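Peer 1: this is a predicted model, with the sequence first.
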Amino acid sequence: MYTIEKSGMNIEELRDYCLKMKGVTESFPFDETTLVFKVAGKMFCLTDLEDSFGINIKNSPEKNIELREQYNAVKPGFHMNKKHWNSVDIDGSISDELLKQWLNESYELVVKGLTKKQREELEKR
């Protein structure tokens, strides 16, 4: 008999993944435990380093509703605009591949909303 390990990235893997995206910075703008990842000064992911591991990520309002209905680990964004943000519990119920896809979508959504000049600056990096 064998056991199947739950997937679920940890904070170091999240940090490494986000920082590999073009132009991403990290900071603690709210307090000393909320780690925020930004592209061109705009947030696309944040996590609390003290509470149970989870992330807040951005997506379209329609996709956010769909994800909340499909996954128990996905809830309206905690302390965020619930129309545009989801909170995702990293509890092993969602694959790392899917989490990375959602992180990419959040990043791309923020990049899409940048000005033309900001996108050009980002491309130069």
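Peer 2: Perfect, I can see it now.

Peer 1: which positions in stretch 91-102 come out as buried?
Peer 2: I94, L99, W102 (16 or more other C-beta atoms under 10 Å). No exception for glycine: its C-beta is placed from N, CA and C like everyone else's.

Peer 1: what's the answer for stretch 51-62, then?
Peer 2: So for stretch 51-62, counting by 16+ other C-beta under 10 Å, buried means F53, G54, I55, N56, I57, K58, N59.

Peer 1: for it, what is the average pLDDT?
Peer 2: Mean per-residue pLDDT for stretch 51-62: 93.

Peer 1: next: stretch 106-125.
Peer 2: Rounded mean pLDDT across stretch 106-125 is 94.

Peer 1: one step back: how about the buried residues of stretch 91-102 in CSV, adding distance to L14, pLDDT and secondary structure?
Peer 2: What follows is these, written out as CSV (distance: C-beta to C-beta, whole Å; pLDDT from 0 to 100; DSSP: H, G, I helix; E, B strand; the rest coil):
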residue, distance to L14, pLDDT, secondary structure
I94, 13, 93, coil
L99, 8, 95, helix
W102, 12, 97, helix
